[in-house]
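Q: Predicted model and sequence below, questions to follow.
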Amino acid sequence: MRGFWILVHVLGFTLWLGGGIATMVAGLSAKGFAPAERLAAYKLIGAIQRILVGPGAMAVLLSGLVLSMPYMKQGAVPGWMGLMMIAGILGALGAVTISVPTAAKLARLEVDARGGLPEAFQALRKRQIFAATIAGTFGLIAMFAVTLGRW
């Protein structure tokens, strides 16, 4: 059963960080687009966040909890694992509670009456960039902790 939970953990992490990188690339690429096309790109970003990032982060949280239980029962959580757990929890919670909902709000925006970006666009975009950067950074810290800190 442990193998199953490791698989869920790795797949979740791949979806979460891979989706985050896809979001970043799509957002950067869309900067030069006309308003209608830029909002269409943010509809795609909303789908990436909703379909990949959110479920991936939740899978990491769930599988991480299951995988860490034997260590917590023994009271012997190594430092690298503690760092991985704290960073992973913070990153996943940031992704699920801020980044994914903000991407959903961006995905629902429509071109304003003048044919430009709506007023809410810039504020939501800044929130999305900030939240996704923080969540992704914590995810990378967790990855570094388990891969480099373990040895």
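A: Ah, there it is.

Q: which stretches of this structure form helices?
A: Along the chain, the stretches classed as helices by DSSP state H are 2-30, 35-48, 54-74, 79-94, 100-107, 120-147.

Q: and these as TSV, adding mean pLDDT and mean neighbour count?
A: Placement of C-beta: from N, CA and C, glycine included. Shown next, in TSV, are the helices of the chain (pLDDT from 0 to 100; neighbours: other Cβ atoms under 10 Å):
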stretch	mean pLDDT	mean neighbour count
helix 2-30	95	17
helix 35-48	96	18
helix 54-74	93	17
helix 79-94	94	19
helix 100-107	97	21
helix 120-147	94	18
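
Q: For Ala113, find the nearest of the ones you listed.
A: Ranking those by proximity to Ala113 (Cβ to Cβ) places helix 35-48 first, at 11.8 Å.

Q: ok, back up a step: right, and the helices of the chain - which one's nearest Arg114?
A: Nearest to Arg114, of the helices of the chain and by Cβ to Cβ, is helix 35-48 at 9.2 Å.

Q: ok, how many other residues are close to Gly75?
A: By other Cβ atoms under 10 Å, 6 other residues sit near Gly75.

Q: Distance to Ala113 added to the helices of the chain, as TSV?
A: TSV is the format used below for these (distance: least, Cβ to Cβ, whole Å):
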stretch	distance to Ala113
helix 2-30	22
helix 35-48	12
helix 54-74	32
helix 79-94	34
helix 100-107	19
helix 120-147	14
